[in-house]
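J.: fold the following for me, if possible:
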Amino acid sequence: MIKKKNKRAPSLPQGVFVQRNATYFPTRQTPPITMPQSQSPTGKYGAAYQNFDLVGCTRKSIERAIDEKGLKVLLLDSATEAVVSMTYSFNEMLAKDVYLIDQISNTKRQRQGHLKAIIFVQPTDENCDFIEKELRDPMYGSYYLFFTNIAENHILERLAQADDRERVQQVHEVYSDFLPIHPYAFSCNINKPLLLDSEMDVSRVCDTLVGVLLSVRRDPWIRYQASSPACTRLANFITRKTQSDTSLFEFRRSADCVLLILDRRDDLITPILTQWTYEAMVHQHYGINHHKCQIPGEDAMNLIPLYDPFWTDNLHSNWGEVCQNVKKFVDTYKAKTHMQDDTANLEDIKKFMDKMPELRKESVSIGKHATIAACLGKLIKGRELMRVSGLEQEISCTNNHKEHVESLNEIFTSPEISASDCVNLLTIYALRWEKHREHQTTKLAQLLCEHKDISQHDVTNTIQNALRYGGAQQRCSDLFDEEKKLSNFLRHAVKGMQEVENIYTQHEPLLKKTLMSIFRRKLSTELFPYISTKTPPSGKDFKPKEVIVFIVGGMTSEETKCVKDCMDELNKEAATSGHKIILGGTDMLRTNEVMNALSR
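T.: Next up is the predicted model:
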């Protein structure tokens, strides 16, 4: 018979315990209540939690799972396979005696009783079915279960009943139920761009956010976009979740931390614009999926920041800087591999050979980034993206309607510009000038269809969907800051465009204004209220030091750069240092996926 020690810990076989948060819940014995070293702020892994480093926290969770001594097999599901591939290399796994990595769903695995099985999966009913089947007919000598989120009581009970051979040695919860894209950015990996409230699996999104909060050990105040039903529902769901599992949030409340939930509808412009920073360009044009990029006609390329210094150093560099840095990278490599045959002695040859493994790695990295840069350069030239992007920036950042219409007329009749790029431009125009009394969206759509191979119905449908999703009626913020647009227009008129830093990166996401407002206590509590039970005592005067911002409908690479820029700006002076930001979204958006969603 299964006996329960308490509400959250069903009885498991002898010697097994469930480790939840900072407390051990024993079944047959009573060890003292302690905080695991891996989660202690002063312990082995404390720095990752203190520094708001999602990649570091995820790596520590994986290390906890595979630290058991002896030869091991690591069993994953599709979600944790992605997480592990993004944060841990196979060589590091081998160093920890992980002999084999496989899927928990694979029914053709060989019986290997001499191995220990580390099961690192989401606590879902489907995974519970696979583990149950595994425990009833064990393939390995012993099992260590690591769930990446809160394991519900009924799942633990089912596994306790299935383990009649007492092969399970430990059951743990490690909170890694999200895709750590950067130390300061994560995704739910829900592949539905511009997610609507009716389409949102609020339980899944909530699980991801709770996983992030528990990973960085924060119990934040919660604010949300009041005009958005999706944000309101998610904020309430998270509140109920955290209050129903109070034992999970027993660590000291993070008095300076806020969770801010936003809706993509407030800024539909950012995902449509052509991007000019390295990561954003690669993702926009080719897609980066779990740190892997597939360029047509080329082998798949790994772009993992932990193991690719050039990628890490140039993530947010603009296109011109990337081209220069690729050339420098090549020149540096040539200098390292150059050895004068007539002057080299045995010692020189030995030093050169000692460097060979490192040089081979550099050679692979150079080839990869040179290929990416060459492909991007060809694409930019073939689609005349500089011309297209210049007009996109002008429409979104300046206040000259007449000039915008003239430029669109010219570009729509140009045979070099693709139909898809023209539709993107028209969508930006429609969003920008929706309320202008002389807007010419219909007339421009007709002109576009006359000169491009696209139907009037398709164009009209895309524009109408864009306005329904992210038009003026759906927004609560001033997406097109008219005062700033006028200032930009006057500055350009007086100084000339040659003095503008970069006309292709004039646009700033609305997120930057929102973040700076919340840190400066200027974000409206009417438009972005607190959850009543998650309101700081100081109310409107509350000034956070840490913000976790989540965008329902997806985030963009430009916004991850924006987060890093905001942290740099806020922390540049010692008096205002210590600010931290994490950005999350239901998905990492690409322009073509966004436009496809709008066309349906």
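J.: only C-alpha atoms for contact and neighbour calcs from this point on.
T.: OK.
J.: I'd like the next helix or strand past the longest strand anywhere in the chain.
T.: Ranked by residue count under DSSP state E, the longest strand found in the chain is strand 112-121. Heading C-terminal from strand 112-121, the first helix or strand you meet, by DSSP states H and E, is helix 125-136.
J.: just want the angle from that next one to strand 112-121.
T.: For helix 125-136 against strand 112-121, the angle by axes from the mean of the first three to the mean of the last three CA atoms, to 10 degrees is 160 degrees.
J.: may I see the buried residues of helix 125-136?
T.: 127-128, 131-132, 134-135 (16 or more other CA atoms under 10 Å).
J.: report the buried residues of the very next helix or strand once past that helix.
T.: As assigned by DSSP H and E, the chain's next helix or strand after helix 125-136 is strand 140-147. Using 16+ other CA under 10 Å as the test for burial, strand 140-147 gives 140, 142-147.
J.: what kind of secondary structure is Glu559 in?
T.: Here Glu559 is recorded as helix under DSSP: H, G, I helix; E, B strand; the rest coil.
J.: now it: closest residue in space that isn't a chain neighbour?
T.: Of all residues not flanking Glu559 in the chain, Pro509 sits nearest, at 6.6 Å (CA to CA, 6 or more residues apart in numbering).
J.: you'd agree Ile581 is in a helix?
T.: No - assignment of Ile581 by three-state DSSP gives strand, placing it outside any helix.
J.: next, find the distance separating it from Trp311.
T.: 22 Å (CA to CA, to the nearest Å).
J.: can you check Val549 too?
T.: From Val549 over to Trp311 the distance is 25 Å, taken as CA to CA.
J.: which of those two has more residues huddled nearby?
T.: Neighbour count, other CA atoms under 10 Å: between Val549 and Trp311, Val549 has more, with 22 against 19.
J.: shaky segments in the stretch 101-250 of the chain?
T.: 197 (pLDDT under 70).
J.: can we see that at 90?
T.: Residues of the stretch 101-250 of the chain meeting the criterion pLDDT under 90: 107, 153, 189-201, 219, 241-250.
J.: which parts of it are helices?
T.: Assigned by DSSP state H, counting those that start in this stretch, the stretch 101-250 of the chain shows helices spanning 125-136, 153-162, 202-215, 229-244.
J.: tell me which of these lies nearest to Leu100.
T.: When these are compared by CA to CA, helix 125-136 sits nearest Leu100, at 16.5 Å.
J.: what mean pLDDT does stretch 329-341 have?
T.: Stretch 329-341 carries an average pLDDT of 70.
J.: can you pull out the helices in the stretch 401-550 of the chain?
T.: 401-412, 419-432, 441-451, 456-470, 482-495, 510-519.
J.: among those helices, which gets the worst mean confidence?
T.: Ranked by mean pLDDT, the helices of the stretch 401-550 of the chain bottom out at helix 482-495, with a mean of 46.
J.: contacting residues for Glu526?
T.: Shown in contact with Glu526 (CA atoms under 8 Å, 6 or more residues apart in numbering): Ala226.
J.: neighbours around the nearest residue to Ile428 once chain neighbours are set aside, how many?
T.: The shortest distance from Ile428 to any non-neighbouring residue, by CA to CA, 6+ apart, is to Ile269 (6.5 Å). By other CA under 10 Å, 24 other residues sit near Ile269.
J.: what sits against Ile269?
T.: Counted by CA under 8 Å, 6+ apart, Ile269 has contacts 396, 428, 431.
J.: correct me, but the last one touches Gln473?
T.: By that I understand Leu431. No - counting by CA atoms under 8 Å, Leu431 sits too far from Gln473 to count as a contact (10.9 Å).
J.: can you tell me the element Ser363 falls in?
T.: helix 356-383.
J.: and the residue nearest the centre of the chain?
T.: Geometric centre of the chain, nearest residue: Phe186, 3.1 Å, by CA atoms, centre = their mean.
J.: my read: that one touches Gly585, true?
T.: Yes - counting by CA under 8 Å, Gly585 is a contact partner of Phe186 at 6.8 Å.
J.: how far off centre is stretch 209-221?
T.: Relative to its chain's centre, stretch 209-221 lies at 16 Å (CA atoms, centre = their mean, to the nearest Å).
J.: now swap in stretch 61-74 and tell me
T.: That offset, for stretch 61-74, works out to 26 Å (CA atoms, centre = their mean).
J.: buried set for that stretch?
T.: Applying a neighbour-count criterion of 16+ other CA under 10 Å, one finds 61-63, 65-66, 68, 71-74 buried in stretch 61-74.
J.: OK, contacts around Asn236?
T.: Per CA under 8 Å, 6+ apart, neighbours of Asn236: Ile531.
J.: rerun that using 7 Å as the cut-off
T.: Asn236 makes contact with no residue under the criterion CA atoms under 7 Å, 6 or more residues apart in numbering.
J.: okay, now the unreliable bits of the stretch 251-400 of the chain?
T.: Using pLDDT under 90, the flagged stretches of the stretch 251-400 of the chain are 251-256, 326-367.
J.: which residue ranges of it form helices?
T.: Counting by DSSP H, counting those that start in this stretch, the helices of the stretch 251-400 of the chain are 278-285, 309-314, 319-337, 346-354, 356-383, 385-397.
J.: any idea which of those is most buried?
T.: helix 278-285 (a mean of 22; mean count of other CA atoms under 10 Å).
J.: for that one, name the packing helices and strands.
T.: Applying 3 or more CA pairs under 7 Å, 6 or more residues apart in numbering; DSSP states H and E, one finds that helix 278-285 makes contact with helix 557-570.
J.: which other helices and strands does the helix it packs on contact?
T.: Secondary-structure packing of helix 557-570 (3+ CA pairs under 7 Å, 6+ apart): helix 278-285, helix 510-519, strand 580-585.
J.: out of the ones you listed, which gets nearest to Tyr175?
T.: Of the helices and strands packed on helix 557-570, nearest to Tyr175 by CA to CA is strand 580-585, at 15.6 Å.
J.: name every strand pairing with that closest one and say which way it goes.
T.: strand 185-187 (parallel), strand 546-552 (parallel) (DSSP bridges).
J.: could the ones you listed be laid out in JSON lines, adding distance to Glu362?
T.: Formatted as JSON lines, these follow (distance: least, CA to CA, whole Å):
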{"stretch": "strand 185-187", "distance to Glu362": "27"}
{"stretch": "strand 546-552", "distance to Glu362": "36"}
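J.: what's the closest of those strands to Ser198?
T.: Nearest of those (CA to CA): strand 546-552, 12.0 Å.
J.: can you give me the angle that closest one makes with helix 202-215?
T.: Using the same axes, to 10 degrees: strand 546-552 against helix 202-215 is 160 degrees.
J.: mind checking the pLDDT average for strand 546-552?
T.: The average pLDDT for strand 546-552 rounds to 96.
J.: need the contact partners of that strand.
T.: 195, 256-264, 579-586.
J.: could you redo the last one with a cut-off of 8 Å?
T.: Residues outside strand 546-552 that contact it (CA under 8 Å, 6+ apart) are 194-195, 230-231, 256-264, 579-586.
J.: write the PyMOL selection for whichever of these are buried.
T.: Remark: buried members of the contacts of strand 546-552, expressed as a PyMOL selection using 16+ other CA under 10 Å:
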select buried, resi 194+195+230+231+256+257+258+259+260+261+262+263+264+579+580+581+582+583+584+585+586
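J.: thought Phe186 was touching Phe52, still the case?
T.: No - contact criterion CA under 8 Å: Phe52 and Phe186 do not qualify, at 11.7 Å.
J.: now the common contact residues for these two.
T.: Ile582.
J.: ok so, going back, make a markdown table out of the helices of the stretch 101-250 of the chain and add distance to Gln294.
T.: Output for the helices of the stretch 101-250 of the chain, formatted as a markdown table (distance: least, CA to CA, whole Å):
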| stretch | distance to Gln294 |
| --- | --- |
| helix 125-136 | 30 |
| helix 153-162 | 38 |
| helix 202-215 | 27 |
| helix 229-244 | 33 |
